[in-house]
Structures are given as C-alpha cells and as structure tokens.
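Trainee: sharing a sequence plus its predicted fold:
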Amino acid sequence: MDKVRPFDGVTVVIADDSQTIRHAVSALLGAAGCRVVVAEDGFDVLTKIVDEKPDLIFLDINMPRLDGYQTCVLVKQNDSFGKIPIILLSAQSGVFDRARSRVVQVDDYLVKPFSRDELLDMVRRHVDVSNRSINRV
C-alpha cells in the first residue's frame, strides 16, 4: 500500500547559504511529498520563483549578495509573486529580527534549529491540504 504523503503536489523553494540546512529541509519536505527547489542566496531565489512558481518559500535571513529581508521585499512587491507565503529561517529569535520581518511582510518565522514537526507545521499553516488548494497568486 502506498504511504500517504500530506504535501504531494506542493512546490517549495528553500534558500539558505548552508548546504546542511538545504539538504535537511529538502529531505524532510521531500519525504512529506513536497517538490523542493533549492537556492543558495536571494538572487538564486528570484530566478527560481520565476521558473518554478512555488507554493511556499523558506528564506534564511543571513545570505550573501541578497539577504532574506531584501529578497522578501522584492518578492512581495511583485504583482505576480507577492502572494506566495514566505517563512524566514533564522538562528536569531530577538524582538528586532521579528519586528523587521513584519515590516518586510514575512508570513511566518522559524527559528533554527527547528524540528521536523515545526517545519511541517509551517507548510500546513500556509498550504490548504484539505483540498490541495494552495494559497496561490
């Protein structure tokens, strides 16, 4: 019997400059049925969202060239992609980081290190799995 995967058909972009984080998130989300597209920095994300049209984006805050905040602003200001939910990933859980994330219209915030359940809960919050209807543009 096939194992039910709760997020079959969901495309997620994960952007983190850490190969370890990209690999771990890809494995966890892939096992839950997501199609995972990896990016190393914000510029890479911008290219990937045009090609892949993801349902959800996970962004590390601290990335070279274009950080998570800057990337979020560019995505949210774009009419074609502005409604894609963005979750920031950060080792920082301070008030300043959370406040800044609200200013750039981040949809959610996940503090590293996070568990498998916390990661999957983020997908559940931003993807309507009851009918596979995605919070799309």
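Mentor: Arrived safely.

Trainee: report the buried residues of the lengthiest helix in the chain.
Mentor: Ordering each helix of the chain by length in residues (DSSP state H) puts helix 19-31 first. Going by neighbour count (16 or more other CB atoms under 10 Å), the buried part of helix 19-31 is 21, 22, 24, 25, 26, 28, 29. All C-beta spots, glycine's among them, are computed from the backbone N, C-alpha and C.

Trainee: helices or strands up against it?
Mentor: strand 11-15, strand 35-39, helix 116-126 (3 or more CB pairs under 8 Å, 6 or more residues apart in numbering; DSSP states H and E).

Trainee: ranking the ones you listed by burial, who's on top?
Mentor: Counting by mean count of other CB atoms under 10 Å, strand 11-15 has the highest mean neighbour count of those, with a mean of 25.

Trainee: re earlier: relative to residue 71, which of the helices and strands packed on helix 19-31 is closest?
Mentor: strand 11-15 (7.1 Å; CB to CB).

Trainee: with only the CA atoms kept, save the closest one in PDB.
Mentor: The C-alpha trace of strand 11-15 is given here as PDB (Å, rounded to 0.1, in the frame of the first residue of the first chain):
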ATOM      1  CA  THR A  11       6.400  23.100  -4.600                       C
ATOM      2  CA  VAL A  12       8.600  24.700  -2.000                       C
ATOM      3  CA  VAL A  13      11.700  26.900  -2.500                       C
ATOM      4  CA  ILE A  14      14.300  26.700   0.200                       C
ATOM      5  CA  ALA A  15      17.100  29.300   0.200                       C
END
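
Trainee: now the longest helix of the chain: average pLDDT?
Mentor: Helix 19-31 comes out with an average pLDDT of 96.

Trainee: how about residues contacting that helix?
Mentor: The contact list for helix 19-31, computed with CB atoms under 8 Å, 6 or more residues apart in numbering, reads 5, 7, 12, 14, 16, 36, 38, 40, 58, 60, 89, 112, 116, 119-120, 123.

Trainee: tell me where the model's unsure across this structure.
Mentor: For the chain, the stretches flagged by pLDDT under 70 are 1-2, 4, 129-137.
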